[in-house]
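> here is a sequence with its predicted model. Questions after.
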Amino acid sequence: MSEFAGKVVVITGAGSGIGRALALDLARRGARLAISDMDTVGLAETARQAEALGAEVKSDHLDVTQREAVLAYADEVRAHFGKINQVYNNAGIAYHGEFEKSEFKDIEKIMDVDFWGVVNGTKAFLPHLIASGDGHVVNVSSLFGLLSMPGQSAYNSAKFAVRGFTESLRQEMLIAKHPVKVTCVHPGGIKTAIARNATAGPGEDLDTFAKFFDQKLARTTPEAAAETIVTGVRKGKARVLIGADAKFLDAWVRLVGPSYQRVVALVAGRVLPKSN
């Protein structure tokens, strides 16, 4: 039997991409699933596929930026299953745009979903994870939580924040000796619709950027990403890097230090689609 068998697992952003792949991977391992997303059509398909694999599934529409709704959702999941073992705070959105041209509302939206959504989910579920005696928080950051890129100031801000928050939380759990492990996930380019579903600042050609991301940067399948995450969770890793790109660039940034920024600016200026 898999060590995930019978575990109650919560996954946000499960309607597509890594979230769906995680749900199906864990369903195969015998987990009981509480999945949520804003995309009710995609979520229903994830639930259908997970149930076909024999999983018990609770499926709910959830906006992770709505704190009171997330708090209530955590209690509902606990009441439904009787316990909660693992939470995968995966829901996220993307935005491409130069900071100088971006509106405050564009930056706030990314922070609300990609950072505060993670904080809301962690805060809501942490008491239940502690009570389970065998808890695990898995927060999805990004390769862009390890290094910065031009045009990604909002996304970088959120994903660096997720990294700092998650690493601090892990330390607090160790000091308190709570039975909760904490893992921060840093995916590189994953073959999902995140770039196609992104928003963009003034003068940005989002279609061209999405095609560039899909053709040049997205190298890893969601299924491979999910398997890597689950393996990292099983091993209790503090950090999980997904894809050769994430592993190489993480090592490179640590090796060269802040000078990486000049190199990235030079390369990005030559290869990234130009704004109007």
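The structure has been received and is ready for your questions. Numbers count the residues shown, from 1 in each chain.
> for the rest of this, base every contact and every neighbour count on C-alpha atoms.
OK.
> for the stretch 1-150 of the chain, what are the low-confidence residue spans?
1 (pLDDT under 70).
> what about the helices in it?
17-28, 40-52, 67-81, 104-110, 117-132 (DSSP state H, counting those that start in this stretch).
> now do the fourth one: which elements does it pack against?
Packing contacts for helix 104-110, counted by 3 or more Cα pairs under 8 Å, 6 or more residues apart in numbering; DSSP states H and E, involve helix 153-176.
> each with direction, which strands does the helix or strand that comes right after the helix it packs on pair with?
The helix or strand immediately downstream of helix 153-176 is strand 180-187, counting by DSSP states H and E. Strand 180-187 has the following strand partners under DSSP bridges: strand 135-140 (parallel), strand 239-242 (parallel).
> now stretch 87-94 - C-alpha only, CSV.
Taking Å, rounded to 0.1, in the frame of the first residue of the first chain, the C-alpha atoms of stretch 87-94 are listed here in CSV:
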residue,chain,number,x,y,z
VAL,A,87,-2.6,20.7,1.8
TYR,A,88,-1.2,21.6,-1.6
ASN,A,89,-1.6,25.4,-2.0
ASN,A,90,-1.2,25.3,-5.8
ALA,A,91,-3.7,27.9,-7.1
GLY,A,92,-2.0,30.6,-9.1
ILE,A,93,-2.2,33.1,-12.0
ALA,A,94,0.3,34.9,-14.1
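> in a markdown table, list the helices of the stretch 1-150 of the chain along with distance to Ala265 and mean neighbour count.
Shown next, in a markdown table, are those (distance: least, Cα to Cα, whole Å; neighbours: other Cα atoms under 10 Å):
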| stretch | distance to Ala265 | mean neighbour count |
| --- | --- | --- |
| helix 17-28 | 29 | 24 |
| helix 40-52 | 37 | 18 |
| helix 67-81 | 37 | 16 |
| helix 104-110 | 21 | 16 |
| helix 117-132 | 29 | 21 |
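> right, and those helices - which one's nearest Val264?
Nearest of the helices of the stretch 1-150 of the chain to Val264, taken as Cα to Cα: helix 104-110 at 22.0 Å.
> how far does the closest one sit from its chain's centre?
With Cα atoms, centre = their mean, to the nearest Å as the basis, the distance from the averaged C-alpha position of helix 104-110 to the chain average is 18 Å.
> touching that helix from outside, list them.
93-95, 154-155, 158, 201 (Cα atoms under 8 Å, 6 or more residues apart in numbering).
> for that helix, output the C-alpha coordinates as PDB.
Output of helix 104-110 as PDB, limited to C-alpha atoms (Å, rounded to 0.1, in the frame of the first residue of the first chain):
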ATOM      1  CA  PHE A 104      -1.400  48.900  -8.800                       C
ATOM      2  CA  LYS A 105      -4.500  46.700  -9.400                       C
ATOM      3  CA  ASP A 106      -2.500  44.400 -11.600                       C
ATOM      4  CA  ILE A 107       0.200  43.800  -9.000                       C
ATOM      5  CA  GLU A 108      -2.400  43.500  -6.200                       C
ATOM      6  CA  LYS A 109      -4.300  40.800  -8.100                       C
ATOM      7  CA  ILE A 110      -1.200  38.700  -8.500                       C
END
